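Enquirer: need coordinates for the following:
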Amino acid sequence: MIPKVFQEVIDLGDGRTITIETGKLAKQADGSVVVRMGDAMLLATAVSARTANPGIDFLPLTVDYREKFAAAGRFPGGFFKREARPSDSEVLTMRLVDRVLRPLFPDDYHAETQIMIQLMSHDDNVMPDALTGLAASAALAVSDIPFYNLISEVRVGRVDGQLVINPNREQLEKSDIDMMIGASKDSVCMVEGEMKEISEAEMIEAIKFAHEAIKVQIEAQERMRAAIGTLTYREYEAEKNDEAVYAKVKAFAYDKYYAVAQEASAKSERGEKFALIAEEVKALFSEEEYAENADLKELVGKYIYKTQKTAVRNVVLEQGIRLDGRKTTEIRPIWSEIDYLPSAHGSAVFTRGETQALATVTLGTSREANVIDLPSEQGEERFYLHYNFPPFSTGEAKPLRGTSRREVGHGNLAQRALKNMIPADCPYTIRVVSEVLESNGSSSMATVCSGTLALMDAGIQMVKPVSGIAMGLITDGEKFAVLSDILGDEDHLGDMDFKVTGTADGITACQMDIKIDGLRYDIMEQALSQARDGRLHILNKIIETIDAPRASVKPKAPKIIMSSIPASMIGAFIGPGGKNIQELQKATETTIVLTEEGDKGIVEILGTNQAGIDAVLARIEAMVFKPQLGEAYEVKVIKMLDFGAVVEYTKAPGNEVLLHVSELAWERTEKPTDVVNMGDVFMVKYLGIDPKNRKEKVSRKQLLPRPPREEKKEIKKENPQG
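Expert: This is a model prediction of the structure:
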């Protein structure tokens, strides 16, 4: 039987379209769609359990995105020829979708839910990650899963001053904005991206432009759901509630939590006091009450959290006092230090309040570049940043299970914040690693600051230093407070986490997550303005520690020198089986990387010993040395023959030429040894190519005084054959 297919077409307004189709594939999923743009096709499915597991008080949502190599007609790299663990790029795409969807599900919906998106066909002119939010929401839209507030995501760029929705990779290379925006019809929910020092007003303009395009995509989903006609939202078991229990908990605990929130205590002390109040609340109920009501323990725990959250938020809204006593615009105390690790190429410690990051910089050749091998993208990164968040940073003992999605996401944000400030002509591959040693709010922004310090300490000539700040929000719908430099608790109990990085002249990256239905533009504008003030304050603290990059790399750091040779000489330089280049590296204690680009061989020489680098440069100079007609050069005799001497240019060891006996002196010379001997150093004149034998010709006598004509006649009489 031919399936009934429903289709909607979204016009992007510039000749490009996006098609959403359902009813043909994966029909056992609760919802499935195929989203197509050009030749790019994504399959998205949504499945949710009919009941929630007992004791679950959150939404167990999993968003998975995978790119199939067959989509691009390619084989997977590596030994095992099948797709394995997700790449960092795929993980980042999963996070982009998850962060928009999660807060828009009903608060009391706790059933296991899985959204799976896969790239089935790739188009070089389409970046598939910009379609994943639309695909995920559309899959939910054609299901009975209770997701009432449809969303979409788009990428926005700006090319030659014009904003563009979902630019291709070529356009993106020319763009000064690369932002992903996720939104519902009513408000923006998520922003993430990088910029080339744009203003706050320009960022708001780009977000509004993207939001208008998103509204069109949501309307297409609504039309598709309506066209199916038979869809209704499933009923689910709502959370258990008991207003009497809540009233009892709130009456006892609210004022106590409110009082602790005003004390401006440290994180550990505050946590102990909150925990003590929680124990007192639990003791309000007898063992008999817990035994009679199986849900009572869970309800009490839920209402303790709700009461604490309400009290903390109200202290901020009513009194403008934060948990650590700061004003809403105040930044925590900052101290920083560079050159902390003696053996690292660059290092820095940045501490802001109870958040601390130790950054290291390692310099290398193009051989150390981070290779990107995905169905949708191939290339390499010469600047990359890794972020590590060990459990001890929050005083916890947890099992280590590899790099988390959060670590990948935070590292990518810091990398994007810094990368455009690395000079285009920087010869190094640069790896920055941030070790978070303490965390109480915004460790990713501490990573940006410590990364800036470490790069300048390493002697990388950054265009401008970069700082970052995390902004928070607390609102009751009418009143609101924007918080600068948020604490971990303010992130957890608040409504927004808005990270902004930049130089003194503009924004370089941002990441915004909204935990409520959306964010008003007036609040966003205030948050960006407040963030700029905080960012500049932090930037001044960085400059106090180091006001400019070191003039050169440290003694223990490798120096890198670039040179080149003709492509025709690459084989001779490398030698059979790499013999020549390996021996040269060993003799000079350097690392040499040779790559072919067009008609040249680009040579990277990396080493800590300048003498070794100079020796490699001398070898290259010798290979490419070409004497010029009529010029004089110093040579050394390296071999004696019956008919002349083999000489070597001293500035180009290994570059040899025959000095014929007839060119040794003006006087007739019977034996070369009458004039020169092994090891002699003298000047010769380059005479070009001898037309008789097509070999290079040099002369010693041409640089000597010519004998008088009379003397020459006498010589001829005595030597008629001369």
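Enquirer: go through stretch 259-268 and flag the buried ones.
Expert: Within stretch 259-268, the residues that count as buried by 16 or more other C-beta atoms under 10 Å are 260-262, 265, 267. For glycine as for every other residue, the C-beta is placed from the backbone atoms N, C-alpha and C.
Enquirer: kindly apply the preceding question to stretch 52-66 instead.
Expert: So stretch 52-66, judged by 16+ other C-beta under 10 Å, has buried residues 52, 59, 61, 63-66.
Enquirer: farthest-apart pair in the buried residues of stretch 259-268, please.
Expert: Maximum pairwise distance in these, criterion C-beta to C-beta, is 15.6 Å, between Gln262 and Lys267.
Enquirer: just to be sure, Ser564 is in a helix?
Expert: No - secondary structure of Ser564 (DSSP: H, G, I helix; E, B strand; the rest coil): strand, not part of a helix.
Enquirer: quick check: it touching Gly601?
Expert: Yes - under the criterion of C-beta atoms under 8 Å, Ser564 makes contact with Gly601 at 6.3 Å.
Enquirer: higher neighbour count, the two?
Expert: Comparing Ser564 with Gly601 by other C-beta atoms under 10 Å, the one with more neighbours is Gly601, at 22 against 15.
Enquirer: residues of the helix or strand hosting Val408 that come out buried?
Expert: Applying DSSP states H and E as the criterion places Val408 in helix 405-419. For helix 405-419, a neighbour-count test (16+ other C-beta under 10 Å) marks 407-419 as buried.
Enquirer: could you do stretch 114-133 as well?
Expert: By neighbour count on 16+ other C-beta under 10 Å, the buried set for stretch 114-133 is 114-123, 126-133.
Enquirer: narrow these to those in strands?
Expert: Among these, the ones falling in strands (DSSP state E) are 114-121.
Enquirer: okay, the residues you listed in a markdown table with pLDDT and distance to Ile198 next?
Expert: Below are those laid out as a markdown table (pLDDT from 0 to 100; distance: C-beta to C-beta, whole Å):
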| residue | pLDDT | distance to Ile198 |
| --- | --- | --- |
| Gln114 | 98 | 37 |
| Ile115 | 98 | 32 |
| Met116 | 98 | 35 |
| Ile117 | 98 | 30 |
| Gln118 | 97 | 34 |
| Leu119 | 97 | 30 |
| Met120 | 97 | 35 |
| Ser121 | 96 | 34 |
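Enquirer: and which of those residues is nearest to Met683?
Expert: Nearest to Met683, judged by C-beta to C-beta, of those is Leu119 at 68.0 Å.
Enquirer: now do the contacts for the closest residue to that closest one other than its chain neighbours.
Expert: Spatially, and ignoring its direct neighbours in sequence, Leu119 is nearest to Glu67 (4.3 Å; C-beta to C-beta, 6 or more residues apart in numbering). Shown in contact with Glu67 (C-beta atoms under 8 Å, 6 or more residues apart in numbering): 87, 89-90, 118-119, 122, 128, 374-376.
Enquirer: please apply the same query to Glu197.
Expert: 420, 464, 502-503, 505-508.
Enquirer: neighbour-wise, which one of the residues you listed leads?
Expert: Gly502 (28 neighbours).
Enquirer: so that residue is in which element?
Expert: strand 496-503.
Enquirer: circling back to that earlier point, present the ones in strands among the buried residues of stretch 114-133 as TSV; the columns should include distance to Tyr148.
Expert: Formatted as TSV, those follow (distance: C-beta to C-beta, whole Å):
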residue	distance to Tyr148
Gln114	19
Ile115	16
Met116	21
Ile117	21
Gln118	26
Leu119	28
Met120	29
Ser121	31
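Enquirer: for these, which one is nearest Leu493?
Expert: Of all these, Leu493 sits closest to Ile115, with 27.1 Å by C-beta to C-beta.
Enquirer: the closest one and Met94: what is the separation?
Expert: The spacing between Ile115 and Met94, counted by C-beta to C-beta, to the nearest Å, is 9 Å.
Enquirer: so which of the contacts of Glu197 is the closest to Asn388?
Expert: Proximity of the contacts of Glu197 to Asn388 (C-beta to C-beta) peaks at Thr508, which lies at 22.2 Å.
Enquirer: for that closest one, what are phi and psi?
Expert: The phi and psi values for Thr508, taken as degrees, to the nearest 10, are phi -110, psi -20.
Enquirer: distance of it from Pro465?
Expert: 11 Å.
Enquirer: hang on, His211 in a helix?
Expert: Yes - per three-state DSSP, His211 lies within a helix segment.
Enquirer: pretty sure it contacts Ser184?
Expert: No - between His211 and Ser184 there is no contact under C-beta under 8 Å: 9.5 Å.
Enquirer: any idea how many residues pack against Gly477?
Expert: Gly477 has 6 neighbours, counted by other C-beta under 10 Å.
Enquirer: that one looks like it's in a strand, true?
Expert: No - the assignment for Gly477, made by three-state DSSP, is coil rather than a strand.
Enquirer: thinking again about what came up before, so what sits against both of Ile115 and Met94?
Expert: Counting by C-beta under 8 Å, 6+ apart, the shared contacts of Ile115 and Met94 are 63-64.
Enquirer: can you pull the contacts of Arg322?
Expert: Neighbouring residues of Arg322 by C-beta under 8 Å, 6+ apart: 315-316, 328, 483, 487, 490.
Enquirer: I'd like the residues you listed written out as CSV, with pLDDT and distance to Ala572 added.
Expert: Converted to CSV, those look like this (pLDDT from 0 to 100; distance: C-beta to C-beta, whole Å):
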residue, pLDDT, distance to Ala572
Val315, 92, 76
Val316, 92, 72
Thr328, 92, 68
Leu483, 93, 65
Leu487, 90, 63
Glu490, 87, 65
